[in-house]
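A.B. asks: Structure here, sequence nowhere to be found:
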């Protein structure tokens, strides 16, 4: 069974601060996805990283996939109140294995950005 | 742009009652999934259907059954509801393949008394 440990579980910061959320596993994933979820809605995909060492930027959000494809991080620069939400990482399959697109989700990070 | 539609949005059941959660997607995706979301535990896969005509157990299948009615629809049934099944249930769909995004419905909030 593949597990993804996401940290921290809660993050409460002031507008303008930077933050990083981590997602770690002892297993190798073929890809790693980050989702954002708002209250009363389902998760929405932010990004998919596929290659070990890959870095993707989405405006103020920077996503990195570890070289060994076992870990990932999400860094937000100059956080804004609109960034408030639940952030979930999710790993897909085993490298080299058959995948039906099944995802293993981390526990989630609840981010609150205060004005 | 409906995407993934789940019904009902809210439901309260008594212990031992049965019910079916409905899910339909209009994106012509091959794969569909049912998850439950509990505080501090992320999303846990209950059952999935890689393609029409196939279903497989996920991480937490006990107490649930599923039916892939056709390519669009994937239902989740609780035969005899238990308080431990109080949760928010999400349906998702995707195309097969590494890195393909899963598209989620807005969830069904289920309380079992």
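C.D. replies: Cool, the structure landed. Please read all numbers here as calculations on a predicted model, not as lab measurements. Residues are numbered from 1 along each chain as shown, chains lettered A, B, ... in the order given.

A.B. asks: Residues contacting the helix or strand containing residue A:34, please?
C.D. replies: Assessed by DSSP states H and E, residue A:34 sits inside strand A:31-37. Strand A:31-37 has contacts (C-beta atoms under 8 Å, 6 or more residues apart in numbering or on different chains) with A:23, A:43-50, A:63, A:65, A:69, A:72, A:74, A:85-93, A:103, A:108, B:98-99, B:101-102. To be clear about C-beta, it is placed using only N, CA and C from the backbone, and glycine gets the same treatment.

A.B. asks: how about 7 Å then?
C.D. replies: A:43-50, A:63, A:65, A:72, A:74, A:85-92, A:103, B:98-99, B:101 (C-beta atoms under 7 Å, 6 or more residues apart in numbering or on different chains).

A.B. asks: any idea of the mean pLDDT for it?
C.D. replies: Strand A:31-37 carries an average pLDDT of 94.

A.B. asks: packing partners for the one helix or strand in chain A whose mean pLDDT sits lowest?
C.D. replies: Lowest on mean pLDDT, DSSP states H and E among the helices and strands of chain A sits strand A:103-105, with a mean of 90. Secondary structure elements in contact with strand A:103-105, counted by 3 or more C-beta pairs under 7 Å, 6 or more residues apart in numbering or on different chains; DSSP states H and E, are strand A:85-92.

A.B. asks: okay, the angle between the strand it packs on and strand A:31-37?
C.D. replies: Put simply, strand A:85-92 runs at 160 degrees to strand A:31-37, going by axes from the mean of the first three to the mean of the last three C-alpha atoms, to 10 degrees.

A.B. asks: Return the list of helices and strands in contact with strand A:85-92.
C.D. replies: Against strand A:85-92 (3+ C-beta pairs under 7 Å, 6+ apart) you get strand A:31-37, strand A:103-105, strand A:109-114.

A.B. asks: Please point out which parts of the last one sit buried.
C.D. replies: The neighbour-count check on strand A:109-114 (16 or more other C-beta atoms under 10 Å in any protein chain shown) flags A:109-111, A:113 as buried.

A.B. asks: Tell me which residues touch the nearest residue to residue A:45 once chain neighbours are set aside, please.
C.D. replies: For residue A:45, ignoring the flanking residues on the chain, the nearest one in space by C-beta to C-beta, 6 or more residues apart in numbering or on different chains is residue B:101 at 4.1 Å. The contact partners of residue B:101, by C-beta under 7 Å, 6+ apart, come to A:33, A:45, A:48, B:94.

A.B. asks: and residue B:101, that's in a strand?
C.D. replies: No. Counting by DSSP: H, G, I helix; E, B strand; the rest coil, residue B:101 is not part of a strand but coil.

A.B. asks: tell me, how many neighbours does the closest residue to chain A within chain B end up with?
C.D. replies: At 2.9 Å from chain A, residue B:104 is the closest residue in chain B, using C-beta to the nearest C-beta. Using other C-beta atoms under 10 Å in any protein chain shown, residue B:104 is surrounded by 24 other residues.

A.B. asks: show me what contacts the residue of chain A found nearest chain B?
C.D. replies: Here the residue of chain A nearest chain B is residue A:42; by C-beta to the nearest C-beta that distance is 2.9 Å. Counting by C-beta under 7 Å, 6+ apart, residue A:42 touches B:90, B:104-107.
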